[in-house]
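*Asks:* Got a predicted structure here, sequence first:
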Amino acid sequence: MNKLAVVAFGGNALLKSDQKGTISEQEANVYETCTHLVDLIKAGYDIVIGHGNGPQVGNVLLQHEAGEKTFGIPKMPIDVCVAETQGSIGYMIEQQLRNVLYKADMERDIITIITQVLVDKNDKAFKNPTKPIGPYYSKEEADILSKNKGDVFAEDPRGRGFRKVVASPRPVRINNRKTIEKIARDGQIVVTVGGGGIPVQYVDGKRLEGIDAVIDKDLASSMLASQIRADEFYILTDVSKVYIHFNTPKQKALDRITVEEAKQYLKEGHFTEGSMAPKVRAAIEFIENGGKRCIITQAADLGLPDCGTRIVLN
């Protein structure tokens, strides 16, 4: 039996911070990221792909707002916008990965599953929005939008500007996980839990409905990886390794750390929210729920010996 790996694409794999977000830009980014999956597939891994949607879902929300203001077209809530981006990003990943596999003389079915993820409507995250979505703004622009629309903004830890933040509740259950595992273990590639999944809740204990939030894609991918008994969990980001004392003279790359060391670094505040902290938490949860190892790295390093930061039990 092949090893099973869940690979979570970071936002940078789809759209870089200095880009406008044209389809040609996004397709080129996705193609480049997918080229690095070939080594994993050749090494005997079955692959499940999760992905972020922070920039895209924010842009879709802006498009809906502009359509309502200009043409009177009713804007859709965040959960519907997440569903839209699951479809559009899944389409791009399917298409570009198929192009990559064709060039490598490989054949796989690639299936995108529009995935609903159950959350708790009483999650404390709804009172403390932290998940960044959409484009970057200057401080002045963010202040104006906050005053006029009531949106909440937070400064990017790398100084790239301010982004709108929304509630990010923890995932509770991922729908269709058994089917996802079955398809993947049959040797096909599944794209799922896009943007962390469409956040839904039960009303009166028996009726599902969407809820305004964006689930962290790394936590959702971690839960999925655990539930489908994946051997390894890869979190792709825009840095080669995890660092402590990041962006200071004492900056240090971490090659291999245990779960306890990762918890200690989190406690000491080495990882910022909206950036590396959720990734490290997702890695910890995967290992504590039976996973063998989690690797946090950039896509270009996939397949290299000892790539990225490897988080293990002990």
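*Replies:* The structure has been received and is ready for your questions.

*Asks:* how many neighbours does Leu302 have?
*Replies:* 20 (other C-beta atoms under 10 Å). (Glycine included, C-beta is placed from N, CA and C.)

*Asks:* residues contacting it?
*Replies:* His36, Leu37, Asp39, Leu40, Tyr234, Leu236 (C-beta atoms under 8 Å, 6 or more residues apart in numbering).

*Asks:* In strands, which of those residues fall?
*Replies:* Judged by DSSP state E, strands contain the following of those: Tyr234, Leu236.

*Asks:* Ile111: which of the contacts of Leu302 is nearest?
*Replies:* Leu37 (15.2 Å; C-beta to C-beta).

*Asks:* contacting residues for the closest residue to Gly194 other than its chain neighbours?
*Replies:* Residue nearest to Gly194 in three dimensions, not counting chain neighbours: Gln86, with 3.6 Å by C-beta to C-beta, 6 or more residues apart in numbering. Counting by C-beta under 8 Å, 6+ apart, Gln86 touches Asn53, Thr112, Ile114, Thr115, Gly194, Gly195, Ile198.

*Asks:* got it, and Leu62?
*Replies:* Taking C-beta under 8 Å, 6+ apart, one finds Gly134, Pro135 in contact with Leu62.

*Asks:* Which parts of the stretch 151-300 of the chain are helices?
*Replies:* Secondary structure of the stretch 151-300 of the chain (DSSP state H, counting those that start in this stretch): helices located at 177-185, 217-227, 259-267, 277-288.

*Asks:* cool, the stretch 1-150 of the chain as well?
*Replies:* According to DSSP H, counting those that start in this stretch, the helices that the stretch 1-150 of the chain contains are 23-35, 38-42, 54-71, 78-103, 139-149.

*Asks:* closest to Lys16 out of the ones you listed?
*Replies:* That would be helix 23-35 among the helices of the stretch 1-150 of the chain, by C-beta to C-beta, at 6.7 Å.

*Asks:* what's that closest one in contact with?
*Replies:* 9, 12-16, 19, 92-93, 95-97, 99-100, 236, 299.

*Asks:* Got a quick PyMOL command for the buried subset of the residues you listed?
*Replies:* Here is the PyMOL command that picks out the buried ones among those, judged by 16 or more other C-beta atoms under 10 Å:
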select buried, resi 9+12+13+14+15+92+93+96+97+100+236+299
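
*Asks:* Since that was my last question, I'll sign off now.
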